[in-house]
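*Asks:* Sequence plus the predicted model coming up.
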Amino acid sequence: EAGVAQSPRYKIIEKRQSVAFWCNPISGHATLYWYQQILGQGPKLLIQFQNNGVVDDSQLPKDRFSAERLKGVDSTLKIQPAKLEDSAVYLCASSLQGAYGEAFFGQGTRLTVV
Amino acid sequence: QQPVQSPQAVILREGEDAVINCSSSKALYSVHWYRQKHGEAPVFLMILLKGGEQKGHDKISASFNEKKQQSSLYLTASQLSYSGTYFCGTEGGRHRDDKIIFGKGTRLHILP
């Protein structure tokens, strides 16, 4: 079974630039999560999709972050403009149906904002 | 609200036991446990649902006390492969809100 795919693995940008991350979840998984993990901390939920609808985006800084999940499959997370404090690993995860079961995580994208 | 994990870090010798605790200030519906090795993605260990059940996975088991809003992860006869950071994720509320909030993690280091 193919896992959750994310790209790129690493990205270095200057502050105020924009960046986009891509995630392809496991086939058939209705729920998709984007988490932000700052070094030494636990993953922080940014946004949760159920198919192509948003279930929760209460912790997404909407003035600079946006996310979409077209056709209920792939998803992109965008930051525009980036700030230094956005430096983190961005993890995408998917599950068959919400918190009822295991979430499978991708390898993540390590973002460094300089 | 983010669950609180304790201890923050543990150093053990191979073969020793460890307990990692996770507590919440609000009622919980489920608790999820994950392990993350350095530079890797978190990997699922187990889910415990409301009802106070206990689960086991090889020499790793966990309990969930919904009245105390707490869960504990037990690692018995630890192996070198158990090293990593352990996260509990909680789903809260009297009804399912389907959102998993992770704690800050407990770093476990096993010495040979």
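*Replies:* Received, thanks.

*Asks:* Every contact and neighbour count from this point should use C-alpha atoms.
*Replies:* Noted.

*Asks:* nearest spatial neighbour of B:Arg13, skipping sequence neighbours?
*Replies:* Nearest residue to B:Arg13, sequence neighbours excluded (CA to CA, 6 or more residues apart in numbering or on different chains): B:Leu111, at 4.6 Å.

*Asks:* I figured the one you found was touching B:Val10, is that so?
*Replies:* No: with contact defined as CA atoms under 8 Å, B:Leu111 does not count as touching B:Val10 (10.7 Å).

*Asks:* quick one, what contacts residue 37?
*Replies:* Assuming you mean chain A. Shown in contact with A:Gln37 (CA atoms under 8 Å, 6 or more residues apart in numbering or on different chains): A:43-44, A:88-91.

*Asks:* actually it's chain B I care about, not the one you picked
*Replies:* Here B:Lys37 is in contact with B:83-85 (CA under 8 Å, 6+ apart).

*Asks:* Pick out whichever of those sits closest to A:Lys71.
*Replies:* B:Thr85 (34.7 Å; CA to CA).

*Asks:* Restricted to strands, list the contacts of B:Lys37.
*Replies:* Members of those lying in strands (criterion: DSSP state E): B:84-85.

*Asks:* Top of the contacts of B:Lys37 by number of neighbours, please.
*Replies:* B:Thr85 (23 neighbours; other CA atoms under 10 Å in any protein chain shown).

*Asks:* Leaving out the residues flanking it, which one is nearest to that one?
*Replies:* Nearest one to B:Thr85, counting by CA to CA, 6+ apart, is B:Arg107 at 4.2 Å.

*Asks:* Give the bridge partners for the one you found, please.
*Replies:* B:Arg107 has these beta-bridge partners by DSSP bridges: B:Ala9, B:Thr85.

*Asks:* How many residues are close by it?
*Replies:* Neighbours of B:Arg107 (other CA under 10 Å): 21.

*Asks:* so how far is A:Ser58 from it?
*Replies:* Counting by CA to CA, to the nearest Å, the separation of B:Arg107 from A:Ser58 is 28 Å.

*Asks:* just B:Asn21 next, same as before
*Replies:* Counting by CA to CA, the gap from B:Asn21 to A:Ser58 is 27 Å.

*Asks:* The two: which is more packed in?
*Replies:* Each of B:Asn21 and A:Ser58 has its neighbours counted (other CA under 10 Å); B:Asn21 has more, 20 against 11.

*Asks:* In this structure A:Pro43 contacts B:Gly89, no?
*Replies:* No: A:Pro43 is beyond contact range of B:Gly89, at 9.3 Å (criterion: CA under 8 Å).

*Asks:* hey, what's in contact with both of these two?
*Replies:* In contact with both A:Pro43 and B:Gly89: B:102-103, using CA under 8 Å, 6+ apart.

*Asks:* If you average pLDDT per helix and strand, which one of the chain comes out bottom?
*Replies:* Assuming you mean chain A. The least trusted helix or strand in chain A, going by mean pLDDT, DSSP states H and E, turns out to be strand A:53-56, with a mean of 91.

*Asks:* You answered for a different chain; I wanted chain B.
*Replies:* strand B:54-57 (a mean of 69).
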